[in-house]
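Participant: I'll drop the sequence and a predicted model, then ask my questions.
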Amino acid sequence: MNIFVLMKSTFDTEEKIIINDGRIDDDGAEFIINPYDEYAIEEAINQRDTHGGEVTVVTVGTGESEKQLRTALAMGADKAVLVNTEDDMEQGDQYSTVKILEAFFKDKEVDLILAGNVAIDEASGQIGPRLAERLNIPYVTTITDINIDGTKVSIERDVEGDTEIVETTIPLLVTCQQGLNEPRYPSLPGIMKAKKKPLDELELDDLDLDEDDVEPKTKTIEIFLPPERQSGKVLSGEFDEQVKELVSLLKNEAKVL
């Protein structure tokens, strides 16, 4: 099977977000594999081990993403590809990323593409479905189980606290949800092997694209942190007095009445 994983580098979930002039200050910040993409990588490895073939992890970003790609290789992926947009694109959006990925997959033979359900930074959940539409292949989101038998695929997906069973065929794109598997930690032998595994770096020119082709359709005007959570109030006095004070607070301060 030709299995591909879409991976994104995101802020470490323990990282403190700093905003300067309406932009995230990422100088010195630690980046990790998007946690939902770890489920995709793990499932890709499991499917390869069951059905044969190879796993290629693909990311669109800067040269700093090489570290996360090496981690994916250490987990057990066979190949990695970085489409480096650092010199060609100041700021992209979901349209830009899908346009690049569409060009990358144009001449690829694909059986299965896996991606995380969402990225924890922007959480749009758009990349997988939009790419599948562009490649004209079926897709299933938020999967929690997948069984492949030849070209037939049976999938369980999470829907509003319940489970839906979907039957489809390959080629196929799926987005992976928590509960699908338990991602492995890279082992020391895996880390050593990862240093010798192929990691190809491409630029837009290699995909017959230029800056105009990937110009974003949206623009981020400002990024800001949510307001600090205010401390609660404890009401005292007789019950009737507490009720009157609560109603007053809801009306005059919270303005919900």
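Facilitator: Sure, I can see it. Residues are numbered from 1 along each chain as shown.

Participant: quick one: residue 210 and residue 203 touch, right?
Facilitator: No: the pair residue 210 / residue 203 is not scored as a contact, 10.5 Å apart, by Cβ atoms under 8 Å. Any C-beta I mention is one placed from the backbone N, CA and C, and that applies to glycine too.

Participant: joint contacts of those two?
Facilitator: Common neighbours of residue 210 and residue 203, counting by Cβ atoms under 8 Å, 6 or more residues apart in numbering, are residue 88.

Participant: enumerate every residue touching residue 9.
Facilitator: 31, 32, 33, 34, 59, 61, 64, 65, 67, 68.

Participant: then residue 219?
Facilitator: The contact partners of residue 219, by Cβ under 8 Å, 6+ apart, come to residue 91.

Participant: could you report the separation of it from residue 5?
Facilitator: Per Cβ to Cβ, to the nearest Å, residue 219 is found 29 Å from residue 5.

Participant: ok, now residue 177?
Facilitator: Taken as Cβ to Cβ, the span from residue 177 to residue 5 is 15 Å.

Participant: bridging residues for the nearest residue to residue 79 once chain neighbours are set aside?
Facilitator: Of all residues not flanking residue 79 in the chain, residue 56 sits nearest, at 4.3 Å (Cβ to Cβ, 6 or more residues apart in numbering). Following DSSP bridges, residue 56 is listed with bridge partners residue 4, residue 79.

Participant: okay, now residue 56: neighbour count?
Facilitator: Residue 56 is flanked by 21 other residues according to other Cβ atoms under 10 Å.

Participant: repeat for residue 154
Facilitator: Residue 154 is flanked by 13 other residues according to other Cβ under 10 Å.

Participant: ok but it is inside a strand, no?
Facilitator: Yes: according to DSSP: H, G, I helix; E, B strand; the rest coil, residue 154 belongs to a strand.

Participant: if I follow the layout properly, it ends up in contact with residue 169?
Facilitator: No: contact criterion Cβ under 8 Å: residue 154 and residue 169 do not qualify, at 10.6 Å.

Participant: adjacent strands (with direction) for the lowest-mean-pLDDT helix or strand in the chain?
Facilitator: Least confident element among the helices and strands of the chain, by mean pLDDT, DSSP states H and E: strand 23-24 (a mean of 70). Its sheet considered, strand 23-24 pairs with strand 19-20 (antiparallel) by DSSP bridges.

Participant: if I read this right, residue 60 contacts residue 86, doesn't it?
Facilitator: No: Residue 60 is beyond contact range of residue 86, at 10.7 Å (criterion: Cβ under 8 Å).

Participant: the two: which is more packed in?
Facilitator: Set side by side, residue 60 and residue 86 show more neighbours around residue 60, with 26 against 12, by other Cβ under 10 Å.

Participant: next helix or strand past whichever strand or helix holds that one?
Facilitator: Secondary structure from DSSP states H and E places residue 60 in strand 54-61. The C-terminal neighbour of strand 54-61 among helices and strands, as given by DSSP H and E, is helix 66-75.

Participant: packing partners for that next one?
Facilitator: strand 31-33, helix 35-51, strand 54-61, strand 79-84, helix 188-194, strand 199-202 (3 or more Cβ pairs under 8 Å, 6 or more residues apart in numbering; DSSP states H and E).

Participant: same thing but at 6 Å, please
Facilitator: helix 188-194 (3 or more Cβ pairs under 6 Å, 6 or more residues apart in numbering; DSSP states H and E).

Participant: and the helix it packs on, what's buried?
Facilitator: Applying a neighbour-count criterion of 16 or more other Cβ atoms under 10 Å, one finds 190, 194 buried in helix 188-194.

Participant: ok, now stretch 149-163?
Facilitator: Neighbour-count burial for stretch 149-163, counted by 16+ other Cβ under 10 Å, picks out 153, 155, 156, 157, 158.

Participant: what strand or helix carries the spatially closest residue to residue 50 that is not a sequence neighbour?
Facilitator: Closest residue in space to residue 50, ignoring its immediate chain neighbours: residue 148 at 7.7 Å, by Cβ to Cβ, 6+ apart. Element membership for residue 148, per DSSP H and E: strand 139-149.
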